[in-house]
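next input, structure requested:
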Amino acid sequence: MSFPNWVVHASALGTVALGSLLLRDYLSGKVYKGEEMLLGKTAIVTGANSGIGKETAKDFARRGAKVILACRDLEKCAEAQELISQETHNQKVFCKKLDLASFKSIKEFTDDIKKEEKFLDILVNNAGVMHCPYQKTEDGFEYQLGVNYLGPALLTMSLLDLLIKSAPSRIINVSSSVSQAGHINFSDLNSENGYHLTLAYNQSKLALLMFTKELDKQLKGTQVTVNALHPGICDTDIGRNVKVNKVMSALSYPFRSIFVRQPYRGAQTSIFLAVSPEVEKVSGKYFSDCKEKTVSSEQYLDDEACKRLWLQTLKMIKLI
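Numbering: from 1, shown residues only. Predicted coordinates:
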């Protein structure tokens, strides 16, 4: 039996469309299906007014946690707070000012948290920037290093006592797969002698990964775990500084729609690490798609390099 050409063409297009949808779903990564509740738990999510952070905070709220949205822009934070509360029917969602480019802001934030909260069960260091033009933080550090690494490091160290008191508790650091291509330039960590926005970004994400490894050693015996993750390539505001030709953007859209994840999918590994019983006692590891991954970076694998970065970091954030 032969079919009209239009039927054959329509069938072929349908097959391609279905195949594209299936491929996109596969490439979007695992969705965490666990139904664990977080009643009575308190969680902080940085950069929670949009993107992956917002989806992570929404999931925690849906599980019944008290969720603190730690954001630089309080107006956008208030909009996210209202939306999350409405969608989850959880009124224990709160906004609090936090600018990771300012040690003063971080200190004010952590001082308030320690005064107002008896416990802290989950800290998700999610906020970040990417490929910024050269600029410095309020404290004189290269911006990507400051916001992606030094800020989260100071935030975490300032809240450690509360996290230890609340144990078992969990710290989740959102890194990136580009960390494996990163290099810690110990002689010019602050990019004073030359700046390349991609190299600076990669360095900041590797630094966060190495910090995770070393912090795990410091936390032995505390029942506080710390893990890092790659969320996948996601359609979020973090790429706002990336300049893309309009024609190339239009031509690449079909491919981006398949290979670039939506924030909901990007949040899944953060959620997994924060709530899954499977990783309750797992610490100092790197994950992607809710699975532990191998790290190939030579500096990450070098215990002396990790210790050196740890000590240099403590000096930079004025803890030693």
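
and the helices in the stretch 201-320 of the chain?
Assigned by DSSP state H, counting those that start in this stretch, the helices in the stretch 201-320 of the chain fall at 246-259, 263-266, 268-275, 298-301, 303-316.

what comes into contact with the last one?
Counting by Cβ atoms under 8 Å, 6 or more residues apart in numbering, helix 303-316 makes contact with 141, 149-150, 153, 157, 184, 186, 189, 207, 210-211, 213-215, 299-300, 320, all of which sit outside it. C-beta here means a position set from N, CA and C on the backbone, and glycine is covered the same way.

tell me the strands in the protein, going along the chain?
Taking DSSP state E as the criterion, the chain carries its strands at 42-46, 66-71, 93-97, 122-125, 169-174, 224-230, 286-288, 291-292.

distance to Glu278, mean pLDDT and mean neighbour count for those - can I get that in a markdown table?
What follows is the strands of the chain, written out as a markdown table (distance: least, Cβ to Cβ, whole Å; pLDDT from 0 to 100; neighbours: other Cβ atoms under 10 Å):
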| stretch | distance to Glu278 | mean pLDDT | mean neighbour count |
| --- | --- | --- | --- |
| strand 42-46 | 18 | 99 | 28 |
| strand 66-71 | 22 | 98 | 28 |
| strand 93-97 | 26 | 98 | 18 |
| strand 122-125 | 16 | 99 | 28 |
| strand 169-174 | 12 | 98 | 26 |
| strand 224-230 | 12 | 98 | 25 |
| strand 286-288 | 11 | 98 | 20 |
| strand 291-292 | 10 | 98 | 12 |
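
turn the ones you listed into JSON lines, including distance to Leu83.
Output for these, formatted as JSON lines (distance: least, Cβ to Cβ, whole Å):
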{"stretch": "strand 42-46", "distance to Leu83": "14"}
{"stretch": "strand 66-71", "distance to Leu83": "11"}
{"stretch": "strand 93-97", "distance to Leu83": "9"}
{"stretch": "strand 122-125", "distance to Leu83": "18"}
{"stretch": "strand 169-174", "distance to Leu83": "21"}
{"stretch": "strand 224-230", "distance to Leu83": "24"}
{"stretch": "strand 286-288", "distance to Leu83": "28"}
{"stretch": "strand 291-292", "distance to Leu83": "30"}
